[in-house]
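> Give me a 3D structure for the following:
(chains A and B)
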Amino acid sequence: MSAARSFGQFYPVASPLHALDPRAKILATAVLLLGLFFVDSAAGLGLVAAAVVALVAASRVPLVTFLRLLRPVAFIVVLTVLFQILFSREGETLFAWGIVEVHEGGLWLGLFLGLRIVLLVSAAALLTATTAPLALTDGLEDLLSPLKKLRFPAHEVAMMMTIALRFIPTLHEESQKITRAQAARGADFAEGGPLARVRAAIPILIPLTVGAFRRADELAEAMESRGYRGGEGRTRYRELRLRLHDVIALAATVLVLAGAALL
Amino acid sequence: MRLELRNIRHVYSPGTPFEVEALRGVSLSVEPGEVLGILGGTGSGKSTLVQHMNLLLEPASGDVLVDGVDAATLKRSELRRRIGLVFQFPEAALFAPTVAEDVAFAPRRLGLNEGEIEDRVRESLVLAGADHLKDRSPFALSGGEQRRVAIAGVLAMGPEMLVLDEPTSGLDPASRQGLLRLIQTLQDTGTSVVLVSHNTDEIAEVADRICILEGGEVRAIGSPAEVFYTHPEFAPATVLTVTALDEIGWDIGQPVRFGETLRALGDLVEG
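Next up is the predicted model:
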């Protein structure tokens, strides 16, 4: 159970953001991600930043947990900022030390780009932290369904994503079981160089792959025996309904981004 | 080899909302050469307990003693060689292209030379009744055959004690019988065996002592007759039959195994 918990970034609490329709949240996130590229003033970026901070507060996801979601991109942000500061030669020279020169323009550009990346990732993290994986794939399926006219398999893609998400904890548990079974046969996964470690992983990876194929077979059989045959004419147990507050949230996002882009 | 567990406690996911105390102070011993049967329902802590026997899981508190020596001070690889652990559904960990290579995994890890490895592989496959399968792919075998190969893979370490977690689950009656015979063969060669199961009829046939685990605690431990005749909810069909006869006034003692019960019933009919 603890393993299932550490996977996925969904943080199950009750908040106004959790209660929104997943389609509204996906669209709002898309608006935010695209809109950010049209924001080119400090004031505009500040407005978006204020909005994102307000949303994080409204999501009731503890700040520490939320920051942990951003950690994977911390390296990229730092690298971007440093690159801009060190290699951009615009504006007044703030200080020079040997070949290292820091210019005012570079400093601003670095901070601007860094903040933009943080905001992009925060928006995506907010979506996944406040939307259950299944609701997310349901929402995506609905949003992609107009593409069915172009023969895009929207339902099938959503079903594949759902299944993939469902089996992450299962495979994790399975890999732990196999690891312990091989450890009981004397396997040691911590010793030796990189090559030795890759070789040590083979007795885990092979049974894990074999098991995954077996599970896939069993799942396909179970789905077929219940009459599953794809998207055509399928109804859903949980129907998504767009309500007034979903529309308001989406409209508010569009307005904030439009405002920020114009500033 | 004598294994002793003293007051073992184990907690899963400590410090989280998912915290579960799986073992609440379990003490028991496995005497040299005996077959200890561990019975208990699902969630009683059986599988958690057996993983403490070779320290694949570390106890939150309590000690594991091997011949009186604290197991925590022994080399883990040596400990795991001496106490072979066969997990539930062990066939899920088969990985090599042929049965012989899979069984050779453990002896190879022990650093034996090729000749010794070959001997170990042949001996353990014969013991597990899977010698005829040695050149086949483990993935092309039946479930029962795979189980035997997986057990041979642990036997190949030459363990002084073998711990089997639900070894017969999902097997057909013939494979079950084969497995129970293997346990008796191991006992004859001086290997102690821990057999975990929730199949009480099976345990009754091979165990020298019985331990009942419930809610992470030892509910009862002792000879099969003691334990089964005082805990009818865990008793095998033989004990239930004898108890029913006792209730209508026919006392034929306290047989447990099928053969003993049959003889006692025969005496009753003749006498």
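
> hey, where'd the helices end up in the chain?
As the question left the chain open, I've gone with chain A. According to DSSP state H, chain A carries its helices in the segments A:2-6, A:16-19, A:22-35, A:42-58, A:63-87, A:104-130, A:133-144, A:154-184, A:194-225, A:244-262.

> ah, no, chain B please
Counting by DSSP H, the helices of chain B are B:46-53, B:76-82, B:99-109, B:114-127, B:143-155, B:173-188, B:200-206, B:224-230, B:237-247, B:258-270.

> can you list these in JSON lines and add mean pLDDT, distance to A:L242 and mean neighbour count?
(C-beta placed from N, C-alpha, C; glycine too.) Shown next, in JSON lines, are the helices of chain B (pLDDT from 0 to 100; distance: least, CB to CB, whole Å; neighbours: other CB atoms under 10 Å in any protein chain shown):
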{"stretch": "helix B:46-53", "mean pLDDT": "95", "distance to A:L242": "48", "mean neighbour count": "22"}
{"stretch": "helix B:76-82", "mean pLDDT": "92", "distance to A:L242": "58", "mean neighbour count": "18"}
{"stretch": "helix B:99-109", "mean pLDDT": "95", "distance to A:L242": "56", "mean neighbour count": "23"}
{"stretch": "helix B:114-127", "mean pLDDT": "96", "distance to A:L242": "64", "mean neighbour count": "17"}
{"stretch": "helix B:143-155", "mean pLDDT": "95", "distance to A:L242": "50", "mean neighbour count": "25"}
{"stretch": "helix B:173-188", "mean pLDDT": "93", "distance to A:L242": "57", "mean neighbour count": "16"}
{"stretch": "helix B:200-206", "mean pLDDT": "94", "distance to A:L242": "57", "mean neighbour count": "21"}
{"stretch": "helix B:224-230", "mean pLDDT": "96", "distance to A:L242": "63", "mean neighbour count": "19"}
{"stretch": "helix B:237-247", "mean pLDDT": "94", "distance to A:L242": "62", "mean neighbour count": "16"}
{"stretch": "helix B:258-270", "mean pLDDT": "92", "distance to A:L242": "68", "mean neighbour count": "13"}
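
> Quick one: closest of those helices to A:R89.
helix B:76-82 (58.4 Å; CB to CB).

> Tell me, how many residues neighbour the nearest residue to B:R122 once chain neighbours are set aside?
The shortest distance from B:R122 to any non-neighbouring residue, by CB to CB, 6 or more residues apart in numbering or on different chains, is to B:D131 (7.0 Å). Neighbour count for B:D131, taken as other CB atoms under 10 Å in any protein chain shown: 17.

> Next, count neighbours for residue 89.
Looking at chain A here, since you left the chain open. 11.

> That was the other one, I meant chain B.
Neighbours of B:F89 (other CB under 10 Å): 18.

> Surely it and B:S169 touch.
Yes - look at B:F89 against B:S169 with CB atoms under 8 Å: they come within range, at 7.5 Å.

> mind giving me a markdown table with the helices of chain B and columns for distance to A:I117?
Shown next, in a markdown table, are the helices of chain B (distance: least, CB to CB, whole Å):
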| stretch | distance to A:I117 |
| --- | --- |
| helix B:46-53 | 45 |
| helix B:76-82 | 45 |
| helix B:99-109 | 46 |
| helix B:114-127 | 55 |
| helix B:143-155 | 50 |
| helix B:173-188 | 59 |
| helix B:200-206 | 61 |
| helix B:224-230 | 66 |
| helix B:237-247 | 69 |
| helix B:258-270 | 72 |
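
> A:E221 is nearest to which of these?
helix B:143-155 (17.0 Å).

> Quickly list the domain ranges of the chain.
Since you didn't name a chain, this refers to chain A. A:9-131+A:241-262, A:147-225 (automatic domain parsing).

> wrong chain, I was asking about chain B
B:3-235, B:236-271.

> for those domains, which one sits closest to A:E92?
A:E92 sits nearest to domain B:3-235 of all those, at 52.6 Å, using CB to CB.

> How far away from the center of its chain is that closest one?
4 Å (CA atoms, centre = their mean, to the nearest Å).

> Stretch A:165-183 now?
Offset of stretch A:165-183 from its chain centre (CA atoms, centre = their mean): 23 Å.

> is chain B contacted by it?
Yes - residues of stretch A:165-183 contacting chain B under CB under 8 Å from any CB of the partner chain: A:E174, A:K177, A:I178, A:R180, A:A181, A:Q182, A:A183.

> which residues does the closest residue to the last one other than its chain neighbours contact?
What that stands for is A:A183. Distances taken as CB to CB, 6+ apart put B:L56 closest to A:A183, at 6.1 Å, once the chain neighbours are dropped. By CB atoms under 8 Å, 6 or more residues apart in numbering or on different chains, the residues touching B:L56 are A:R180, A:A183, A:A184, B:R80, B:L85.

> Quick check, pLDDT for B:L56.
Note for B:L56: predicted pLDDT of 93.

> rewinding a little: surely the residue nearest to B:R122 and B:E123 touch.
No - if you go by CB under 8 Å, B:D131 and B:E123 don't touch, sitting 9.4 Å apart.

> who wins for proximity to A:S59 among the helices of chain B?
helix B:46-53 (37.0 Å).
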